[in-house]
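Trainee: Only the shape, not the letters, is given here:
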Ligand code: IMP
Ligand code: MG
């Protein structure tokens, strides 16, 4: 059996629940931006599966771009420092930008990215986060669209990793491993 099915993984949100919720968010975005186009800006790498599914649930002219920021590294604990590692390829000025993230946790990453993108003068700027961990928030920031609110547990799957592993799990799972969460 692959290690991915080991006992240290517990399904928190099933693939069916994810699919249904992503379809709902896509429908909401299609309604909110009716008659306009949107640019989905995915934060690499965790958001890529969410972005892929969300894009196909949006019935608007939609383009993609990607950015990368420095993040948790190999552990579970944020360094608290955010750096842009890769910028967008196409200017976002005058466009409807939706930042697509896997998790809104402390909010440090999306606070930083919101400031950065506002400076580039998009027509509008919103956040779509698959997961929201409100109890962990340090910065006062909320997602405009979110899939699920979850408790303070470390999750993997559907794009999210622990030390680059588990991104290809179809369900969102809680990882209980001898970790460095403290
Ligand atoms: P924030 O800046 O604290 O909001 O962190 C956001 C980033 O931390 C997310 O984009 C994830 O990459 C990562 N992260 C936070 N919680 C988890 C988790 O439970 N599993 C995997 N990555 C996480
Ligand atoms: Mg991330």
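Mentor: In hand now; what should we look at? None of the values given here were measured: they were computed from a predicted structure. Ligands and ions are numbered 1, 2, ... in the order given.

Trainee: what kind of secondary structure is residue 50 in?
Mentor: helix (DSSP: H, G, I helix; E, B strand; the rest coil).

Trainee: Check the burial of it by counting its neighbours.
Mentor: Neighbourhood size, residue 50 [other C-beta atoms under 10 Å]: 27. Where C-beta positions appear, they are placed from N, C-alpha and C, glycine not excepted.

Trainee: Kindly provide the distance from it to ligand 2.
Mentor: The gap separating residue 50 from ligand 2 is 10 Å, by C-beta to the ion, to the nearest Å.

Trainee: Residue 130 is in contact with that residue, correct?
Mentor: Yes. Using C-beta atoms under 8 Å, residue 50 is in contact with residue 130, at 4.5 Å.

Trainee: Pull up the overlap in contacts between the two.
Mentor: Common neighbours of residue 50 and residue 130 are listed as 22, 102, 147, 158, 159 (criterion: C-beta atoms under 8 Å, 6 or more residues apart in numbering).

Trainee: which element follows the lengthiest helix in the chain toward the C-terminus?
Mentor: As assigned by DSSP state H, the longest helix anywhere in the chain is helix 15-32. Later in the chain than helix 15-32, the nearest helix or strand by DSSP states H and E is strand 37-44.

Trainee: near ligand 1, which residues of this structure?
Mentor: 46, 71-72, 78, 101-109, 154-156, 160 (C-beta under 6 Å from any ligand atom).

Trainee: 5 Å instead?
Mentor: When proximity is defined by C-beta under 5 Å from any ligand atom, the chain lies next to ligand 1 at 46, 71, 78, 102-103, 105-109, 154-155, 160.

Trainee: which regions of the protein lie under the pLDDT threshold?
Mentor: For the chain, the stretches with pLDDT under 70 are 1-7, 71-80, 177-182.

Trainee: let's see 90
Mentor: Residue ranges of the chain with pLDDT under 90: 1-7, 70-83, 136, 176-182.

Trainee: Leaving out sequence neighbours, find the closest residue to the closest residue to ligand 2 within the chain.
Mentor: Here the residue of the chain nearest ligand 2 is residue 46; by C-beta to the ion that distance is 3.8 Å. The shortest distance from residue 46 to any non-neighbouring residue, by C-beta to C-beta, 6 or more residues apart in numbering, is to residue 102 (3.5 Å).

Trainee: so which helix or strand takes in that neighbour?
Mentor: strand 96-104.

Trainee: Which strands or helices does that strand pack on?
Mentor: Helices and strands touching strand 96-104, by 3 or more C-beta pairs under 8 Å, 6 or more residues apart in numbering; DSSP states H and E, are strand 37-44, helix 48-56, helix 108-118, strand 124-132.
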